[in-house]
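# okay, here's the prediction I keep looking at, along with the sequence it came from:
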Amino acid sequence: MMKIVNSPLVSAGLNSQASKPAGKESKESAPVPERTTKVDNFLDINNQLASSSDVDMEKVNQVRELIAEGNLTLDVDVLSDAILEMHRR
């Protein structure tokens, strides 16, 4: 008998508990299946990325300071080329 759980890991077949037959629990320390290790690694990486920011606030603050001081200079040609290149991707 298989336990049905509403979980993305179970529906993707990545939950090691969903694939174990009921009643065949072993008291011995069984080797950890490779996919369980991969799921654990994925969850660790996902948690690390969730807690990080895509924005470099140090650079943002530097630009704000330059703008406030009136010292920010822009090369319009370089800026326009960068914008066009970004939209070509």
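Alright, I've got the coordinates.
# please report phi then psi for residue 54.
Main-chain torsions, residue 54, degrees, to the nearest 10: phi -80, psi -10.
# same check on residue 79?
phi -60, psi -50.
# now do it against residue 48, distance only.
33 Å (C-beta to C-beta, to the nearest Å). All C-beta spots, glycine's among them, are computed from the backbone N, C-alpha and C.
# same check, this time on residue 36
19 Å.
# and residue 88, by the same measure?
Residue 88 sits 32 Å away from residue 48, going by C-beta to C-beta.
# same check on residue 70?
Residue 70 is 39 Å from residue 48, by C-beta to C-beta.
# which residues in this protein form strands?
Read by DSSP state E, the chain holds no strands at all.
# give the burial count for residue 46, as a bare number.
10 (other C-beta atoms under 10 Å).
# going forward can the numbers begin at 25, since that is how I track them
Taking 25 as the first residue, the last one we looked at is residue 70.
# and the helices in the chain, which stretches?
For the chain, the helices defined by DSSP state H cover 32-35, 58-75, 81-93, 100-112.
# deepest in the core, which of the ones you listed is it.
The highest mean neighbour count among the helices of the chain, using mean count of other C-beta atoms under 10 Å, belongs to helix 32-35: a mean of 13.
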